[in-house]
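Peer 1: For reference, the sequence and a predicted model appear below.
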Amino acid sequence: MTPAPARGRVEIRDVGKSYNGTAVLSGVSLTIEPGEVLSVLGPSGSGKSTLLRTINHLETVDGGWVAIDGELIGYEHRRGRLYELKERHVLKRRTRVGMVFQNFNLFPHLTALENIVEAPLALKRLNRADARELALGLLEKVGLADRGDAYPRQLSGGQQQRVAIARALALQPAVLLFDEPTSALDPELVGEVLDVIRELAGLGTTLVIVTHEVGFAREVSDRVVFIDRGVVLEQGTPAEVLGNPRHPRTREFLATVL
Amino acid sequence: MTQVQPKVGVDTVADRPADAGGVDFGALPVVRTRHWVRWALGAVVVFVAAQLAWTLVTNPGYGWPTVAEYFLSPAVLRGLGMTLLLTVVAGSIGFVVGGLLALARLSRSPLLGAFAWSFIWFFRSVPLLVQILVWFNLGYLYPTIGLGIPFTTDYIVQAQTVTLVSAFAAAVLGLSLNQAAYSAEIIRGGILSVDAGQLEAAAALGIPRHRRITRIILPQAARSIVPNAFNEIIGLLKGTSIISVIALAELFYVSQVIYNRNQQVIPLLLVAVLWYMVLTTVLSIAQFYVERHYSRGAARVLPPTPLQRARAWVAVQWDRLDDAPAKNGQRA
């Protein structure tokens, strides 16, 4: 397998996953091009979060495979067999994928700045001074240059999520996953987080966004995927899927959220 | 502290809508509720405390001169040293082994989990007193201990159990293994109290496993571990008195030896009790600061230390002293 020169190409092939006999994902196949912004829509419980989590191996798959730039996630292909990777190697591949969680999951005992420098320092990518500089730059990028010394609990939800985005960017990932990044926010704080994500779109990082913000998905995405009961029902440009849905379930869903 | 707050109702009465019946409630003095029952109970408490203090002073049975005589005597201090040594050694081993057991119980390996569970089950089941006696008398069970070929009696190195397991070794073994079992559950509880999202976020960032535990999980778990851990350490400190059964000269045993000689039972028990109280006080103060350290980020503002509180109080009083004439001048 030749390593693809392009950064951030995600291939998902025939991915299946079930919990206690209930299928959460069945036969999902998607290819996400480098730099593409893909939104995943679907009713709650449709498997869209699970799909996102298979991309960085937070969930293992029962069948099928996921690869980023030609490298399998969680496995290695050698002599016609798939070898399960050791934790160390999983972590190494995982650093190419950043993730932003619905509940931010900032480390509450560390300041905003410490949250951001933690991973680059842990992985010995940067020394302390460089990591600090990088973190200050990222904080400025998300509009929080003056809040580096604040603990997460001293920040509003929107500010916390922006720190979480800066933290995910600190490893300069090729792919950035957003798991309902605004669902836990008060309505008036949604905008500031969406603004930050909007700025990331088109900068070359592949973005995969699970969201309920249909308007935002329409505006920012190159492509929209609609998932229901673990199956991709429909995909296409925002205009196609959101403007002229072909599948009745997509229409039903859009009618309830719009 | 130079500013005197303007009283609402005096300055702003014009802006407020007229109150019922034209009475300006804001300007009326407030009469506080009288808590008669609280006062009566308070008086009872004060009386009981005073009575107790009086007997402490007047009852010759307490033998305060004897207490003073032995409190800092070399024998007692040596006993105290042994008590401290046992507490520190057994506490350290206990918490390190306990931490490993907690991680083993939480690991995905069923074998490790089962081992840790059995260890905890066994050492929580057998009374500490019995454990210490068994360790001390291990020689009856295994006369020699050595390294050799497994499941045979061919030894390479070998030693008499009696020489290997001294009274001190038996005490350390008993106390630390017992402590490990209890600490394991406290640490496991602390780890479980940390939100699973924290581990996930750390994993998603590619932070290696050992650093995830030491840097992300344990500092957060510490908030719920520390109060229980200090409970355990204080319990262990006093629990070392059980070691007196194998005649190891710790604080309690020493005071027993002395009162068996001079028949001053109560005064010498008091000596031991006072030392336990002193050490517990020191540990309680340490607990405050350790808890404060781990509450970083949990509270928006850290609670002030007693020192900071005292300083703030002095500053306020100082300011008052300074401003007193000026204030009077303003009012005049």
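Peer 2: That came through fine. Residues are numbered from 1 along each chain as shown, chains lettered A, B, ... in the order given.
Peer 1: residue contacts, the closest residue to residue B:161 other than its chain neighbours?
Peer 2: Distances taken as C-beta to C-beta, 6 or more residues apart in numbering or on different chains put residue B:139 closest to residue B:161, at 4.1 Å, once the chain neighbours are dropped. C-beta coordinates here come from the backbone N, C-alpha and C atoms, glycine included. With contact set as C-beta atoms under 8 Å, 6 or more residues apart in numbering or on different chains, residue B:139 has these partners: B:160-162, B:165.
Peer 1: Residue B:139 is in what secondary structure piece?
Peer 2: helix B:138-141 (DSSP states H and E).
Peer 1: what's downstream of that helix, the next helix or strand?
Peer 2: That would be, after helix B:138-141 and using DSSP H and E, strand B:144-148.
Peer 1: What strands line up against that following strand, and which way round?
Peer 2: strand B:155-160 (antiparallel) (DSSP bridges).
Peer 1: how about the CA coordinates for the partner strand, as CSV?
Peer 2: The C-alpha trace of strand B:155-160 is given here as CSV (Å, rounded to 0.1, in the frame of the first residue of the first chain):
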residue,chain,number,x,y,z
TYR,B,155,16.8,-24.5,47.7
ILE,B,156,19.5,-22.2,46.3
VAL,B,157,19.2,-19.6,49.1
GLN,B,158,17.3,-20.4,52.3
ALA,B,159,16.7,-18.7,55.6
GLN,B,160,15.0,-19.5,58.9
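Peer 1: which strands and helices sit next to whichever helix or strand comes after that strand?
Peer 2: Once strand B:155-160 ends, the next helix or strand along the chain (criterion: DSSP H and E) is helix B:161-164. Where contact means 3 or more C-beta pairs under 8 Å, 6 or more residues apart in numbering or on different chains; DSSP states H and E, helix B:161-164 is packed against helix B:138-141, strand B:144-148.
Peer 1: now helix B:161-164, how far from the centre of its chain.
Peer 2: Its chain's average C-alpha position is 35 Å from that of helix B:161-164, according to C-alpha atoms, centre = their mean, to the nearest Å.
Peer 1: who's in contact with it?
Peer 2: B:138-139, B:142-145.
Peer 1: Which of those residues are buried? Put it as a PyMOL command.
Peer 2: Burial among those is assessed by 16 or more other C-beta atoms under 10 Å in any protein chain shown; the matching PyMOL selection reads:
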select buried, chain B and resi 138+145
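Peer 1: Make a markdown table out of the contacts of helix B:161-164 and add pLDDT and distance to residue B:124.
Peer 2: Listed next are those as a markdown table, based on pLDDT from 0 to 100; distance: C-beta to C-beta, whole Å:
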| residue | pLDDT | distance to residue B:124 |
| --- | --- | --- |
| B:138 | 86 | 20 |
| B:139 | 82 | 26 |
| B:142 | 82 | 23 |
| B:143 | 81 | 29 |
| B:144 | 79 | 30 |
| B:145 | 80 | 25 |
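Peer 1: List the contacts of the closest residue to chain B within the stretch 151-258 of chain A.
Peer 2: Residue nearest to chain B within the stretch 151-258 of chain A: residue A:151 (3.9 Å; C-beta to the nearest C-beta). If a contact means C-beta under 8 Å, 6+ apart, then residue A:151 has A:108-112, B:296-297, B:300 as its contacts.
Peer 1: Also residue B:72?
Peer 2: Residue B:72 touches nothing, counting by C-beta under 8 Å, 6+ apart.
Peer 1: let's see it at 10 Å
Peer 2: B:80, B:271 (C-beta atoms under 10 Å, 6 or more residues apart in numbering or on different chains).
Peer 1: With the one 5 residues further on instead?
Peer 2: Contacts for residue B:77 (C-beta under 10 Å, 6+ apart) come out as B:71, B:251, B:254, B:275.
Peer 1: what does residue B:140 give?
Peer 2: B:134, B:161-162.
Peer 1: between the residues you listed, which is closest to chain A?
Peer 2: residue B:134 (40.7 Å).
Peer 1: Leaving out chain neighbours, which residue sits closest to residue 158?
Peer 2: If you meant another chain, say so; for now it's chain A. residue A:189 (3.3 Å).
Peer 1: that's the wrong chain, I wanted chain B
Peer 2: Closest to residue B:158 by C-beta to C-beta, 6+ apart is residue B:146, at 3.3 Å.
Peer 1: and the one you found, what does it touch?
Peer 2: B:153-161, B:164.
Peer 1: ok, 7 Å please
Peer 2: B:155, B:157-159 (C-beta atoms under 7 Å, 6 or more residues apart in numbering or on different chains).
Peer 1: try residue A:246
Peer 2: residue A:234.
Peer 1: circling back to that earlier point, take the helices and strands packed on helix B:161-164 and lay them out in TSV including distance to residue B:205.
Peer 2: Below are the helices and strands packed on helix B:161-164 laid out as TSV (distance: least, C-beta to C-beta, whole Å):
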stretch	distance to residue B:205
helix B:138-141	49
strand B:144-148	45
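Peer 1: bridging residues for the residue nearest the centre of chain A?
Peer 2: Taking C-alpha atoms, centre = their mean, the centroid of chain A lies closest to residue A:177, which sits 0.6 Å from it. On the basis of DSSP bridges, residue A:177 is bridged to residue A:99, residue A:208.
Peer 1: Quick check, pLDDT for it.
Peer 2: pLDDT, residue A:177: 95.
Peer 1: And the one 5 residues further on, by the same measure?
Peer 2: On the pLDDT scale, residue A:182 is placed at 90.
Peer 1: That one contacts residue A:213, correct?
Peer 2: Yes: here residue A:182 reaches residue A:213: they are 6.1 Å apart, a contact under C-beta atoms under 7 Å.
Peer 1: coming back round to it: ok, the contacts of helix B:161-164 vs chain A, which is closest?
Peer 2: residue B:145 (38.0 Å).
Peer 1: what's across from the closest one in the sheet?
Peer 2: residue B:159.
Peer 1: Show me which residues of chain A sit near chain B.
Peer 2: A:56, A:58, A:87, A:91-92, A:94-95, A:99, A:101, A:103, A:105, A:107-110, A:118-119, A:122-123, A:151-154, A:171 (C-beta under 7 Å from any C-beta of the partner chain).
Peer 1: Residue B:242 and chain A: what is the separation?
Peer 2: 37 Å (C-beta to the nearest C-beta, to the nearest Å).
Peer 1: isn't there a helix covering that residue?
Peer 2: Yes: counting by DSSP: H, G, I helix; E, B strand; the rest coil, residue B:242 is located in a helix.
Peer 1: burial count for it?
Peer 2: Look at residue B:242: counted by other C-beta atoms under 10 Å in any protein chain shown, it has 19 neighbours.
Peer 1: Return the backbone torsion pair for the closest residue to chain A within the stretch 1-150 of chain B.
Peer 2: At 11.0 Å from chain A, residue B:108 is the closest residue in the stretch 1-150 of chain B, using C-beta to the nearest C-beta. Dihedral pair for residue B:108: phi -80, psi -10, per degrees, to the nearest 10.
Peer 1: circling back to that earlier point, so how far is the helix holding residue B:139 off the chain centroid?
Peer 2: Using C-alpha atoms, centre = their mean, the offset of helix B:138-141 from its chain centre is 36 Å.
Peer 1: In contact with residue B:237, which residues are there?
Peer 2: B:87, B:276, B:279-280.
Peer 1: go on, residue A:83?
Peer 2: With C-beta under 7 Å, 6+ apart, residue A:83 has these contacts: A:75-76.
Peer 1: pLDDT value on it, please?
Peer 2: Residue A:83 carries a pLDDT score of 84 in this model.
Peer 1: After the strand or helix carrying it, which helix or strand is next? Please name it.
Peer 2: Assigned by DSSP H and E, residue A:83 belongs to strand A:81-84. For strand A:81-84, the succeeding helix or strand toward the C-terminus, using DSSP H and E, is helix A:87-94.
Peer 1: helix/strand/coil for residue A:61?
Peer 2: coil.
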